[in-house]
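Dropping a prediction and its sequence here:
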Amino acid sequence: MSHLKDLEVPGFTINYMEETDSTNDDCLKAAENGAPEYSVFVADFQKQGRGRGGREWNSTRKSSLTFSVLLYPTPEKTRYAGRFSALGALSLVRALENLEEIKTFIKWPNDVLLKNQKIAGVLVESLWDGEQLKAIILGMGINILEESIPDVKRIIYPATSIQSKTGKALDRAQLLKEILEQIMELRPIFPTKEFIDLWNEHLAYKGEEAFFHADDGRLLRYLIQYVDEDGCLIVRNHLGKIQKVSSGELAA
């Protein structure tokens, strides 16, 4: 089994740490200091990892994979900021398919599901210079071994691990290598319809009814339609009308 500290992937500069507070914070600091694009920060353990909405992201030593990638979007790609979470999620989905033929789906806007349970989350953070977007931090946390599953009392969506659902203990370094290669492969089509088509191809609950947590605390029920070019979720509400949803998240 290979080790993260020895990993080399063409086009990427990989910075390995046994322990850190947050790989996203490390990546943000690197961006402020002008680090090259595709700098990667990966740690065996995060003490203060976070997920969407400021929630805690629990990592476990050597049983989960937590890392962040530094991207410098062009002005064209800045227009498609709503797609960056899907860039990470799609890269994982395609990596798992390539490595082990494991079929996963993207729960809008930023989670990856295996058999309707969460195995990964994506946290995108931005670095601004006035009104200009300077950098994107693409952070990911993936539950690989059974020990990585968080305490059920501290999560809002059922979680599992790749090992728990498939019996396979994936090599973390090999998985990270494949994900990074997928990120590089997807970047050229990032602003195109092809990228959105791929997202919709792997969209969880498409054509099904699902509960939805609105930002105002309401629990709504929608028929999931598709993701549009802005990365928004198109749904049909209880009155049968089509709506465009740009915030909130799907519930269990």
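Arrived safely, thanks for sending.

Against M17, how distant is the closest residue to H213 other than its chain neighbours?
Using CB to CB, 6 or more residues apart in numbering and skipping the chain neighbours, the partner closest in space to H213 is A251 (4.9 Å). From N, CA and C alone the C-beta is placed, and that goes for glycine too. Here A251 is placed at a distance of 34 Å from M17 (CB to CB, to the nearest Å).

and what of A89?
From A89 to M17 the distance is 24 Å (CB to CB).

Same check on S85?
24 Å.

who's more crowded, those two?
S85 (23 against 16; other CB atoms under 10 Å).

Return the alpha-carbon coordinates of the host helix or strand of that one using PDB.
Remark: S85 resides in helix 84-100, with elements defined by DSSP states H and E. Extracted as PDB, the C-alpha positions of helix 84-100 are listed here (Å, rounded to 0.1, in the frame of the first residue of the first chain):
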ATOM      1  CA  PHE A  84     -16.800  24.100  -8.500                       C
ATOM      2  CA  SER A  85     -18.400  21.800  -5.900                       C
ATOM      3  CA  ALA A  86     -19.500  19.500  -8.700                       C
ATOM      4  CA  LEU A  87     -15.900  19.600 -10.100                       C
ATOM      5  CA  GLY A  88     -14.800  17.900  -6.800                       C
ATOM      6  CA  ALA A  89     -17.800  15.600  -6.500                       C
ATOM      7  CA  LEU A  90     -17.600  14.500 -10.200                       C
ATOM      8  CA  SER A  91     -13.900  13.800  -9.900                       C
ATOM      9  CA  LEU A  92     -14.500  11.400  -7.000                       C
ATOM     10  CA  VAL A  93     -17.500   9.800  -8.700                       C
ATOM     11  CA  ARG A  94     -15.400   9.100 -11.800                       C
ATOM     12  CA  ALA A  95     -12.400   8.000  -9.800                       C
ATOM     13  CA  LEU A  96     -14.400   5.400  -7.900                       C
ATOM     14  CA  GLU A  97     -15.900   4.100 -11.200                       C
ATOM     15  CA  ASN A  98     -12.400   3.900 -12.800                       C
ATOM     16  CA  LEU A  99     -10.700   2.200  -9.800                       C
ATOM     17  CA  GLU A 100     -13.300  -0.200  -8.500                       C
END
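
pLDDT of that helix, averaged?
Mean pLDDT, helix 84-100: 97.
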